[in-house]
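J.: model the structure of this input:
(chains A and B)
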Amino acid sequence: MRVRAIIFSAIAALASGTLACIAASALAAPDKIDPSADAKAFQKFFTDKFPKVKYEDFVNGPYSMNEDMRRQWEEKEQFPPYEFALEAGKEMFSTPFKNGKTYADCFANGGIGIRQNYPYFDEKEGKVVTLELALNRCREANGEAPYSYVKDEMASLTAYMAFTSRGKPMDIKIPNDPRALEAYENGKRYFYTRRGQLNFSCATCHVQSPGERIRAEVLAPALGIMNALPIYRSEWSGMGTTSRRFVTCNSQTRAVPLEPQSDEYRDLEYYLSYVSNGLPISGPGARP
Amino acid sequence: MRNMERNLVLAAVLLTISAMPALAASEDDYKTALAAAESAEKQADALRNKWTTTEAQLAAAKKAAAGGDFDAAIAAAKDAEALAKASVFQATSEQERWKDMEIR
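T.: Below you'll find the predicted structure:
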């Protein structure tokens, strides 16, 4: 009888020890990085939240959420405010550098219809390369001074390149490289991390509150938000690049913005573009 | 009589002291407050999480000090220090908390 009790208590101790080990290892195990599952969950979140919005329409930001704004935008699109930038960008794109080469020499397919493949992960460099960064690298490789990442010239160039890709589905690849997964994960962390005195993350506005007003603006959903860039913003009375968009978002939360094309912003663009894979490029866009 | 004189002298001293303005803050006090604020902001910078409001208060402190108003300078530096410490707390706590908001 006594022996049996000892055996039972030994078995019980072993079982509880095993359970404790399993629980501890489950707690200690880091979250597996699974971009494909993330993208599915991300897209489902928005389609569930806005069942009446046509899937492709998410790229139109606030206009997919608000009928009045949509009507105004459709009228505006007959004489779109980004048209001047588009024409300037086309001319800049085809004008040779001092050495006789052009932007077309730096990009696949002569730079036409490739916007949907940016940003990409450069395995040689081990970092994310955005279209804005690639354009400035092209300039520097051909002996030209780089453009500001937040001003008109860069916006015009990317506007033209986006226009030649309109309708093509976003197609961001994450190679089987731990550094690429890390960049993706860093971008995701940046997106969800609260910052600034107002304690806002990107997700506070673009996941929790799309369709809601923040002062006079209607917030855009995060899904498809990169597809419309660059944009003409009436608030800015001009064009804005992706870099400009990130910098102003940070300032609005009272956070000191990072340097344009810092690793954090590049990774953020990588993450946001990847989770919008499959949605059509709609840039250049126009926003209030 | 002597006691009365003594009391009068004491009263005069007390009146003089109470009529004197409060002692103004010194430049050294300002430098101490600014160093504390800048040290906290340096930590926020290392975490890539500076706030615009901290920067504004640091600038205000320096401007007030340049104009010789050390009371205002110290007040602004202390505000800056509090803001910088809050931004450090935010960055530190968000290192794990961001996952609470993630779409899964």
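J.: what parts of chain B come near chain A?
T.: B:48-53, B:55, B:83, B:86-87, B:90-91, B:94, B:97-99, B:101-104 (Cβ under 8 Å from any Cβ of the partner chain). C-beta: built from backbone N, CA, C; applies to glycine.
J.: buried ones among the residues you listed?
T.: Neighbour-count burial within the residues of chain B next to chain A applies to B:48-53, B:55, B:83, B:86-87, B:90-91, B:94, B:98, B:101-103; the criterion is 16 or more other Cβ atoms under 10 Å in any protein chain shown.
J.: can you give me the helices for the chain?
T.: I went with chain A, as the question did not name one. A:2-28, A:35-49, A:67-76, A:83-94, A:131-141, A:152-163, A:178-192, A:202-206, A:242-252, A:263-274 (DSSP state H).
J.: not quite, go with chain B.
T.: B:2-19, B:27-46, B:52-66, B:70-97.
J.: and the longest one, how far out from the chain middle?
T.: By that I understand helix B:70-97. 11 Å (Cα atoms, centre = their mean, to the nearest Å).
J.: swap in the second one?
T.: Relative to its parent chain, helix B:27-46 has a centroid offset of 9 Å by Cα atoms, centre = their mean.
J.: got it, and the shortest one?
T.: In terms of Cα atoms, centre = their mean, the centre of helix B:52-66 is set 11 Å apart from its chain centre.
J.: what's the spacing between A:Ser251 and chain B?
T.: 7 Å (Cβ to the nearest Cβ, to the nearest Å).
J.: how about the residue minimising distance to the centre of chain B: what's its closest non-neighbour residue?
T.: Nearest residue to the geometric centre of chain B (Cα atoms, centre = their mean): B:Lys78, 2.2 Å. Nearest non-adjacent residue to B:Lys78, counting by Cβ to Cβ, 6 or more residues apart in numbering or on different chains: B:Ala33, 5.7 Å away.
J.: on that earlier part again, pick out the shakiest of the helices of chain A, pLDDT-wise.
T.: Lowest mean pLDDT within the helices of chain A: helix A:2-28, a mean of 45.
J.: which bits of chain A sit near chain B?
T.: Applying Cβ under 8 Å from any Cβ, one finds that chain A approaches chain B through A:31, A:38, A:41-42, A:45, A:188-189, A:192-197, A:199, A:201, A:203-204, A:207-208, A:251, A:254-256, A:258, A:264.
J.: quick one, what contacts residue 55?
T.: With no chain named, the answer covers chain A. By Cβ atoms under 8 Å, 6 or more residues apart in numbering or on different chains, A:Tyr55 lies in contact with A:Thr47, A:Leu279.
J.: to clarify, I was referring to chain B.
T.: B:Glu55 neighbours (Cβ under 8 Å, 6+ apart): A:Val256, B:Glu41.
J.: let me know the pLDDT of it.
T.: For B:Glu55, the predicted pLDDT is 98.
J.: got it, and B:Ala12?
T.: pLDDT, B:Ala12: 56.
J.: same question for A:Glu235.
T.: 88.
J.: give me the neighbour count for B:Asp71.
T.: 13 (other Cβ atoms under 10 Å in any protein chain shown).
J.: let me redo that: A:Pro280
T.: 19.
J.: check the gap between A:Tyr118 and A:Gly111 for me.
T.: Distance of A:Tyr118 to A:Gly111, computed by Cβ to Cβ, to the nearest Å: 11 Å.
J.: in terms of neighbours, single out the busier of those two.
T.: A:Tyr118 (27 against 23).
J.: pLDDT score for that one?
T.: Value for A:Tyr118, per-residue pLDDT: 98.
J.: list the contacts of A:Arg115.
T.: A:Leu131, A:Thr158, A:Met161, A:Ala162, A:Thr164, A:Ser165, A:Lys168, A:Ile281, A:Gly283.
J.: now render the residues you listed as CSV, adding neighbour count and distance to A:Arg215.
T.: CSV is the format used below for the contacts of A:Arg115 (neighbours: other Cβ atoms under 10 Å in any protein chain shown; distance: Cβ to Cβ, whole Å):
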residue, neighbour count, distance to A:Arg215
A:Leu131, 25, 31
A:Thr158, 26, 28
A:Met161, 27, 32
A:Ala162, 27, 28
A:Thr164, 18, 35
A:Ser165, 22, 32
A:Lys168, 16, 34
A:Ile281, 26, 29
A:Gly283, 21, 25
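J.: would you format those residues as CSV with distance to A:Ala228 included?
T.: Shown next, in CSV, are the contacts of A:Arg115 (distance: Cβ to Cβ, whole Å):
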residue, distance to A:Ala228
A:Leu131, 14
A:Thr158, 12
A:Met161, 14
A:Ala162, 8
A:Thr164, 15
A:Ser165, 12
A:Lys168, 14
A:Ile281, 8
A:Gly283, 5
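J.: between these, which is nearest A:Leu86?
T.: A:Ala162 (9.2 Å; Cβ to Cβ).
J.: can you verify my assumption that that closest one contacts A:Pro230?
T.: Yes: using Cβ atoms under 8 Å, A:Ala162 is in contact with A:Pro230, at 6.8 Å.
J.: any common contacting residues for the two?
T.: A:Gly283, A:Pro284.
J.: pLDDT below threshold where in chain B?
T.: B:1-23 (pLDDT under 70).
J.: buried set for stretch A:130-146?
T.: Neighbour count says stretch A:130-146 has A:Thr130, A:Leu131, A:Glu132, A:Leu133, A:Ala134, A:Leu135, A:Asn136, A:Cys138, A:Arg139, A:Asn142, A:Pro146 buried, by 16+ other Cβ under 10 Å.
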